[in-house]
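[1] build the 3D model from these lines:
(one chain, ligands or ions: 2)
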Amino acid sequence: MLILGLESTCDESAAALVEGPRKVLANVVKSQINSHEAYGGVVPEIASRLHLAYLPVALRECLQRSGKKLQDIDLIAVSNRPGLLGGLLVGSTLAKTLSYLLKKPLVCVDHLLGHVLAPDLVEDMHYPCIAGVFSGAHSNIYVGQNEQDWTLTTRTRDDAPGEAFDKVAKLLELGYPGGPAIQKFAEPGDEKAYALPLPCPTSLNGDFSFSGLKTAILYQLTGRQGKAAVPKNMWPDLAASFQFTVARGLGKRLLEEAKKHKCSHIYVGGGVAANSRLRQHMTTLSEKENLSVHFPPLQFCVDNGAMIARAGYSLYQAGIRSPLNEDVQCRSNWGKIKS
Ligand code: KG4
Ligand code: ZN
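    Numbers count the residues shown, from 1 in each chain. Ligands and ions are numbered 1, 2, ... in the order given. Coordinates of the predicted model:
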């Protein structure tokens, strides 16, 4: 079954052709970063206009690279939530138009399910498992009993980790997006130089919170609370300490959830899962605890169409079909909520 996956929730216009469940024939991502950089973040109006320009190009490139024709497509999967409404409308209108013209089924996908199932593009996922989605807008942990049964156990009370990377990068004058910029800047830094507050709660039932960590960085940089401002030559130490603190916080919580739910496999997805220090830290931690941690390859961590196609395949197999009047939504509504 040939699946077209379309993704336009934020600032990546992406399309992919996947032979279900996981043979990726083409995966094209047109990043809009250059157009948003000057504003220090994503400008929704610019994003939707660029999706309009880039998505058809991404689709054409997928067809060229795979040697397939539009008529070969069996299923159209599109992310219709959560995200910026303008971009979502562009992607879902393209998907609905193709579904109508080609007379092929449409499946609307929650972007977060895409991130959760992204590791399955390269290997069979093991259940029960813990899946973390750490991106620019989310810090969610789910427990999965099987491909169709996921419960949301942890969220964030304020920022998401990617957002914290982006905001701290702004404070450190590193530009946008902050994650890759901090990762590079922190390379020569001493990650033990500054003790910073962990973003995870002390109780097992609480959610993440990144505001204390962000404020601590601000205070270090501006010399509040009776401390001297960190001199510029020590900013790499501060960046490395921030990055390590995020990795420790996410790692601690993932491990707690794995133990609580008796899962021996942990999957980590979303843009922040591309962070090399997080990947290294999680690997060391899980080896100590005798757990297996899995990260998708980098191209499937950041937003992409292949993960949407994979999630669309899963929903289709479960009997789900979306009507042509299915709406877009700015929030996620997928996954049972823990009771
Ligand atoms: O999943 P994603 O591509 O888009 C959303 O769904 O939000 O994640 C984007 C986020 C941005 O905040 C970006 O700074 C962060 O992922 N990110 C990283 C890295 N690469 C991207 N954060 C830390 N380290 C990285 N290497
Ligand atoms: Zn994402």
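[2] show the average pLDDT along stretch 138-156.
    Per-residue pLDDT over stretch 138-156 has a mean of 96.
[3] contacting residues around stretch 323-339?
    Around stretch 323-339, the neighbours that count as contacts under Cβ atoms under 8 Å, 6 or more residues apart in numbering are 80-85, 88-89, 92, 96, 99-100, 106, 108, 110-113, 138, 140, 142, 149-153. Using the backbone N, CA and C atoms, a C-beta is placed for each residue, glycine as well.
[4] quick one: name whatever helix or strand follows whichever strand or helix holds residue 249.
    Using DSSP states H and E, residue 249 maps to helix 235-260. Moving toward the C-terminus from helix 235-260, the next helix or strand (DSSP H and E) is strand 265-269.
[5] can you list contacts of that following strand?
    Contacts with strand 265-269, where a contact means Cβ under 8 Å, 6+ apart, come from 115-116, 118-119, 125-127, 129-134, 250, 254-255, 258, 278-279, 282, 286, 291-296, 300-301, 307.
[6] any of those residues buried? List them.
    Buried members of those, scored by 16 or more other Cβ atoms under 10 Å, are 115-116, 118-119, 125, 129-134, 250, 254-255, 258, 278-279, 282, 286, 291, 293-296, 300-301, 307.
[7] just those: which are in helices?
    115-116, 250, 254-255, 258, 278-279, 282, 286, 300-301, 307 (DSSP state H).
[8] tell me the one of these nearest ligand 2?
    The nearest member of those to ligand 2, counting by Cβ to the ion, is residue 115 at 5.6 Å.
[9] from what I can see the closest one touches residue 135, true?
    Yes. Checked against Cβ atoms under 8 Å, the pair residue 115 and residue 135 is within contact range at 6.8 Å.
[10] what touches both of the two?
    Common neighbours of residue 115 and residue 135, using Cβ under 8 Å, 6+ apart, are residue 270.
[11] backbone phi and psi for residue 26, please?
    Main-chain dihedrals, residue 26, degrees, to the nearest 10: phi -160, psi 140.
[12] and it, how many neighbours?
    Taking other Cβ atoms under 10 Å as the criterion, the count of residues near residue 26 is 21.
[13] quick check: residues of the stretch 1-150 of the chain near ligand 1?
    Residues of the stretch 1-150 of the chain lying near ligand 1 by Cβ under 6 Å from any ligand atom: 10, 135-137.
[14] among those, name the ones in helices.
    Among those, no member lies in helices (by DSSP H).
[15] which parts of the stretch 51-200 of the chain are strands?
    Per DSSP state E, counting those that start in this stretch, the stretch 51-200 of the chain carries strands over the ranges 75-81, 106-110, 129-134, 139-146, 149-154.
[16] any chance of these in JSON lines, plus distance to residue 336?
    Shown next, in JSON lines, are the strands of the stretch 51-200 of the chain (distance: least, Cβ to Cβ, whole Å):
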{"stretch": "strand 75-81", "distance to residue 336": "16"}
{"stretch": "strand 106-110", "distance to residue 336": "13"}
{"stretch": "strand 129-134", "distance to residue 336": "14"}
{"stretch": "strand 139-146", "distance to residue 336": "9"}
{"stretch": "strand 149-154", "distance to residue 336": "5"}
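[17] kindly reformat these as TSV containing distance to ligand 2.
    Shown next, in TSV, are these (distance: least, Cβ to the ion, whole Å):
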stretch	distance to ligand 2
strand 75-81	9
strand 106-110	11
strand 129-134	8
strand 139-146	11
strand 149-154	16
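[18] tell me which of these lies nearest to residue 225.
    Residue 225 lies closest to strand 139-146 among the strands of the stretch 51-200 of the chain, at 26.3 Å (Cβ to Cβ).
[19] need the CA coordinates for the closest one. CSV is fine.
    Provided in CSV are the C-alpha atoms of strand 139-146 (Å, rounded to 0.1, in the frame of the first residue of the first chain):
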residue,chain,number,x,y,z
SER,A,139,6.9,17.4,26.4
ASN,A,140,4.7,14.4,26.4
ILE,A,141,5.3,10.9,27.7
TYR,A,142,2.9,8.1,26.7
VAL,A,143,2.7,4.4,27.7
GLY,A,144,1.8,2.2,24.8
GLN,A,145,0.2,-1.3,25.2
ASN,A,146,0.2,-1.8,21.4
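[20] that one packs against which elements?
    Applying 3 or more Cβ pairs under 8 Å, 6 or more residues apart in numbering; DSSP states H and E, one finds that strand 139-146 contacts helix 111-117, strand 129-134, strand 149-154, helix 235-260.
[21] if we go to 6 Å?
    If you count contacts as 3 or more Cβ pairs under 6 Å, 6 or more residues apart in numbering; DSSP states H and E, strand 139-146 packs onto strand 129-134, strand 149-154.
[22] quick one: the last one to strand 129-134, angle?
    It stands for strand 149-154. Here strand 149-154 points in a direction 50 degrees away from that of strand 129-134 (axes from the mean of the first three to the mean of the last three Cα atoms, to 10 degrees).
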